[in-house]
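# from the sequence below, what's the structure:
(chains A and B)
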Number of protein chains: 2
Amino acid sequence: MTNRELMERDLAHIWHPCTQMKDHEQIPIIPIKRAKGVYLYDFDGNRYLDAISSWWVNLFGHSNEYINSKIQEQLNQVEHLIFAGFTHEPIVRLSERLVKITPAGLNRCFYADNGSSAVEIALKMSFHYFKNKGSLRPYFVSLTNSYHGETLGALAVGDVELYKDTYKEILIKTLQTPVPKDQTPQAALEASEKFKQLLEKYQGQVSALIVEPLIQFAGYMHMYHPLFLQEVRKICDEFDVHLIADEIAVGFGRSGTMFACEQAGISPDFLCLSKGLTGGYLPLSVVLTTDEVYSAFYCDYTELKAFLHSHSYTGNALACAAANATLDLFEKEDALKKNIEKSRYIIQKLEKFKELKNVKEVRYKGMTFAVELKGYDFKQRIGLKINQECLKRELFVRPLGNVVYFLPPYVITFEEIDKMVDTVFEVVKEL
Amino acid sequence: MTNRELMERDLAHIWHPCTQMKDHEQIPIIPIKRAKGVYLYDFDGNRYLDAISSWWVNLFGHSNEYINSKIQEQLNQVEHLIFAGFTHEPIVRLSERLVKITPAGLNRCFYADNGSSAVEIALKMSFHYFKNKGSLRPYFVSLTNSYHGETLGALAVGDVELYKDTYKEILIKTLQTPVPKDQTPQAALEASEKFKQLLEKYQGQVSALIVEPLIQFAGYMHMYHPLFLQEVRKICDEFDVHLIADEIAVGFGRSGTMFACEQAGISPDFLCLSKGLTGGYLPLSVVLTTDEVYSAFYCDYTELKAFLHSHSYTGNALACAAANATLDLFEKEDALKKNIEKSRYIIQKLEKFKELKNVKEVRYKGMTFAVELKGYDFKQRIGLKINQECLKRELFVRPLGNVVYFLPPYVITFEEIDKMVDTVFEVVKEL
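Predicted coordinates for the structure are as follows:
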């Protein structure tokens, strides 16, 4: 089998996500035969360093032997069973571990399959909580430039025009408040003041504020100061509004700490997790919340206050086995500590980008690194050019507009870091 | 480890789907240690025949050796990779097979992780299609008593009050048209006439009609005649409105044919599949659509007409391996043919229910069987009583309100069928 053969079969029937399919008249779809560590290998014998962890999900490398072995073990026990009325050991263990490692007070785990569904659960639970308490609060607040997923509820609280604008007539009305404009404490204070003003205006009508703590990933890797989280936590408390932390992308170490909320020392009322949760193996998501929220739904059945949300594959045992194996690897490999060194090394290597005329800003936090270019119109599709040039040089990056970013698997070596950063540098320099 | 021990650990942290958690003060959560074929085995040595295929997903039994072996094979190749710009062999093969076995004209596959997300994709694609064609159509039509999932868009086209009513203030407005009131052709004609009247009223404002073909599963296993599908297909064509077939539950043989649309000889514009797609193993969903729809999005990138929906785990390779293995088993086992015999046997065994005073109706289609009881108020929770009594007798059923139903894995034996039906009969008789 060759790349061309599989590509042609693919293009005959498959509609790829987040893709203008006509692009593939010029650009080949690359069929991957096997993957190992940070590398993807195609059918023609080429390899590509996966510098964005396959859409920000992979942590400990592809086809990781330890995770593989744990999924194989689970296959021999139970692959999946209904998660109403029944339970299984991997999910009980996973829940105990998640409660332990997430911010204080998040004691209850509600599971789903993907990030969008987790966001929808948090929104529904927050709204339903207030309804169970006798208060009708139809509004959610989100940050400008935010992205929370693709289902219509998740899209409604998003603010990246590219994804949202087309569907505005079929989205519920939500409110937006400005994200801090940069990483300074001053910007954090200014933005939180705006949020307070918004709540004053909509007093008693808002269920929750939803934020991506510290980094807006799909929002072109925009970053802000932890002070903003501290301030909005205080304001939410003052106005009795929930704080939903969407750590779907930033969780599991991408911010440098296990969860980004830790850097602000705050606990949200809802924490949404997915992506890294299974180490990049299988779709699984979870919403953690407080006993306070849980107790508002806890009553006699006939009061009809239960949260009746479900997905058939909720609590999938194979995905939970992958998640437990991933948490094992965090411990075994002391990954967060090792990442500090890798992060420092990458930051130092990024210095040279600042000297390039077409670079606007270099920014980073933990294991997330972005280089924003300037001087290109969206029609030039500079990101796509960089993507194509890098692929020729064994590197896979997928810029967001004019922003090239690195989000490598944590198992990347220093040698591989050199290759990753130096390749992009060459390409950007030659543009 | 004992049931009690794991149950207590579970209840300390887990919030189960579609569950009033307070119920578990009286009713134990059952921790499952292993599963094999139609049986779930707990930590205290009890077993339960899974008569509803773990929420309608399992087809060829739990911990199926063949599917296990195919997932293990895939683990050694590639577990998951980004599905934009790349592809892999299992998904190419799966897509070819799906296009081949689904109704004619459905030539394009767009993947996601769960049923709700598939419904959201179909809704967004339909709306976006008309927008790309220059027509703004903000309404979707669904059937009364319908259920299409839990995310806010999917919930908005649902009509089961129990799931939807609480959230009405945060749902977009949709239109409902009556489902045929029973399985007669007359009811089908009456209901389709109503649909036509609705489209006349909202001419040019409706993107799509979404239906669960033949059986409304969460709608208390309500069933209707294939003539309704033929009629609404004609009406949709007449008014240039899309038809979305949600075969998430009914697909893969539950209606007796591989897909329910076959019984009406129609092709929808969108077909949503999930649940049985992976044989009950892993979350995966797909929306199949036509070249006509695909081509409305196919243009130069800068026209900004692409469908930018994505989920990180879209096209998961492990889930695709499970799906291919499931399709293999349909062929190897000649499952649809064998099901005809099993279906006949179950129908004949259900006859005796008709003699019971508390039985209102027995209805069935293919491998879906329902016994509707009468004379019970919802506060009596007769379904829960039946569930509890059956569990004592090694059988797991989970009635919907007053409707007990059977949706067994296709590998169920005639002996196991006897046990399944006879146990429920005893329990219902003794109520």
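# CA only for contacts and neighbour counts going forward, please
Fine.
# so what's residue A:36 up against?
A:61-64, B:78 (CA atoms under 8 Å, 6 or more residues apart in numbering or on different chains).
# of the residues you listed, which is the most crowded?
residue A:62 (31 neighbours; other CA atoms under 10 Å in any protein chain shown).
# in the stretch 301-431 of chain A, what residue lies closest to chain B?
Proximity of the stretch 301-431 of chain A to chain B (CA to the nearest CA) peaks at residue A:308, 3.8 Å away.
# burial count for that residue?
Neighbours of residue A:308 using other CA under 10 Å come to 15.
# burial count for the residue nearest to it when sequence neighbours are not counted?
In this structure, residue A:308 finds its nearest non-sequential neighbour in residue B:18, 3.8 Å apart by CA to CA, 6 or more residues apart in numbering or on different chains. For residue B:18, the neighbour count with other CA under 10 Å is 16.
# I'd say residue B:18 and residue A:305 touch.
No: here residue B:18 does not reach residue A:305: they are 11.1 Å apart, not a contact under CA atoms under 8 Å.
# which one of the contacts of residue A:36 sits closest to residue A:369?
residue A:61 (18.5 Å; CA to CA).
# ok, the closest residue to that closest one other than its chain neighbours - contacts?
On the basis of CA to CA, 6+ apart, the spatially nearest residue to residue A:61 that is not a chain neighbour turns out to be residue A:37, at 3.9 Å. Counting by CA under 8 Å, 6+ apart, residue A:37 touches A:60-64, A:411-412.
# residues contacting residue A:32?
A:40-43, B:86-89.
# next one: residue A:156
So residue A:156 contacts A:164, A:171-174 (CA under 8 Å, 6+ apart).
# among those residues, which ones are in helices?
Mapping the contacts of residue A:156 onto helices (DSSP state H) picks out residue A:164.
# would you list the contacts of residue A:156 in CSV and tack on neighbour count, distance to chain B and pLDDT?
CSV is the format used below for the contacts of residue A:156 (neighbours: other CA atoms under 10 Å in any protein chain shown; distance: CA to the nearest CA, whole Å; pLDDT from 0 to 100):
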residue, neighbour count, distance to chain B, pLDDT
A:164, 19, 10, 87
A:171, 23, 7, 95
A:172, 21, 6, 95
A:173, 18, 8, 95
A:174, 16, 10, 97
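# and which of the contacts of residue A:156 is nearest residue A:340?
Closest to residue A:340, out of all of these and judged by CA to CA, is residue A:164, at 35.6 Å.
# in space, what's closest to that closest one - neighbours in sequence excluded?
residue A:155 (6.3 Å).
# give me the buried positions along the strand or helix carrying the one you found.
Following DSSP states H and E, one finds residue A:155 within helix A:152-156. For helix A:152-156, the neighbour count (16 or more other CA atoms under 10 Å in any protein chain shown) marks A:152-156 as buried.
# what comes into contact with stretch A:197-216?
By CA under 8 Å, 6+ apart, stretch A:197-216 touches A:123, A:126-127, A:130, A:136-143, A:145-147, A:157, A:177, A:221-226, A:229, A:236, A:239, A:241-247, A:250, A:255, A:260-261.
# now do that stretch, average pLDDT.
For stretch A:197-216, mean pLDDT rounds to 98.
# now it, how far from the centre of its chain.
Averaging C-alpha positions (CA atoms, centre = their mean, to the nearest Å) puts stretch A:197-216 20 Å from its chain's average.
# also stretch A:289-302?
Distance, stretch centre to chain centre, for stretch A:289-302: 28 Å (CA atoms, centre = their mean).
# next one: stretch A:388-400
21 Å.
# for it, how far is the first residue from the last?
14 Å (CA to CA, to the nearest Å).
# list of residues touching that stretch?
Under CA under 8 Å, 6+ apart, the answer for stretch A:388-400 is A:46-52, A:218, A:220, A:383-384, A:386-387, A:404-406, A:420, A:423-424, A:427.
# now the buried members of those residues.
Counted by 16+ other CA under 10 Å, these give A:46-52, A:218, A:220, A:383-384, A:386-387, A:404-406, A:420, A:423-424, A:427 as buried.
# ok, which of these also contact chain B?
For chain B, no contacts are drawn from the buried ones among the contacts of stretch A:388-400 by CA under 8 Å from any CA of the partner chain.
# among the residues you listed, which ones are in helices?
Per DSSP H, these map to helices at A:383-384, A:386-387, A:420, A:423-424, A:427.
# reformat those as TSV; add pLDDT.
TSV is the format used below for these (pLDDT from 0 to 100):
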residue	pLDDT
A:383	97
A:384	96
A:386	98
A:387	98
A:420	98
A:423	98
A:424	98
A:427	98
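# can you name the two of those residues that sit furthest apart?
Longest span within those, CA to CA: A:384 and A:420, 16.8 Å.
# in the stretch 1-150 of chain A, what residue is nearest chain B?
Taking CA to the nearest CA, the stretch 1-150 of chain A has residue A:18 as its residue nearest chain B, at 3.7 Å.
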